[in-house]
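Q: Just need the structure, nothing else, for what follows:
(one chain, ligands or ions: 2)
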Amino acid sequence: MSSSDVDWDVLRAAATDAMQRAYAPYSRFPVGAAALVDDGRIITGCNVENASYGLTLCAECTLVGQLQLGGGGRIVAFACVDGEGNALMPCGRCRQLLYEFRAPGMLLATVSGVRTMDEVLPDAFGPQNLPA
Ligand SMILES: O=c1ccn([C@H]2C[C@H](O)[C@@H](CO)O2)c(=O)[nH]1
Ligand SMILES: [Zn+2]
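A: Ligands and ions are numbered 1, 2, ... in the order given. Sure, this is the predicted structure:
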């Protein structure tokens, strides 16, 4: 599975389904996320808010949890949508979370079209920055 195999309509539809599971009573801003994994699976996530607002989990957080629970893997392509089905940029923290699990050449559907992980998180902090 590589970034040329991505059906963006399918990925956006999966993100939209996940968005309908969001728990967002405080912001009223439901978000759904979907990722194509290198083994061909599509995994999803939704935001899960909390009365202690700062503890909110973004959709990307729950997606990464689902990825690992499902046996792990590398993300080939990613999309997230808001309550109206529009593309949404992952927040900075979530770009870092996604970076950890990127496949080489990972693509993201963004507000300005398809972008690479390197474009949305240049000069990323990663394992290469940790001592050997
Ligand atoms: O990429 C994003 C951006 C925002 N949110 C959520 C967090 C919060 O519940 C709501 C408003 O910020 O949207 C996500 O899940 N992912
Ligand atoms: Zn986030």
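
Q: Need the nearest residue in space to residue 91, chain neighbours excluded.
A: residue 58 (6.2 Å; C-beta to C-beta, 6 or more residues apart in numbering). C-betas here are computed from N, CA, C, even on glycine.

Q: Give me the pLDDT value at that neighbour.
A: Per-residue pLDDT puts residue 58 at 98.

Q: Check residue 1 too.
A: Looking at residue 1, the pLDDT reads 78.

Q: so who does it touch?
A: Residue 1 sits next to 36, 37, 38, 39, 40, 76 when contact means C-beta atoms under 8 Å, 6 or more residues apart in numbering.

Q: Kindly recompute the last result at 7 Å.
A: 36, 38, 39, 40, 76 (C-beta atoms under 7 Å, 6 or more residues apart in numbering).

Q: Residue 56 now?
A: Residue 56 touches 47, 49, 50, counting by C-beta under 7 Å, 6+ apart.

Q: ditto for residue 37
A: Residues counted as contacts of residue 37 (C-beta under 7 Å, 6+ apart) are 43, 67, 73, 74, 75, 76.

Q: how close does the fourth one get to ligand 2?
A: Summarising the geometry, the distance separating residue 74 from ligand 2, computed by C-beta to the ion, to the nearest Å, is 20 Å.

Q: Ok, the third one next?
A: Taking C-beta to the ion as the measure, residue 73 and ligand 2 are separated by 20 Å.

Q: what about the nearest residue to residue 72 once chain neighbours are set aside, how many residues close to it?
A: Nearest residue to residue 72 in three dimensions, chain neighbours excluded: residue 101, at 8.0 Å (C-beta to C-beta, 6+ apart). Number of residues near residue 101 (other C-beta atoms under 10 Å) recorded here: 19.

Q: Cool, thanks, talk later.
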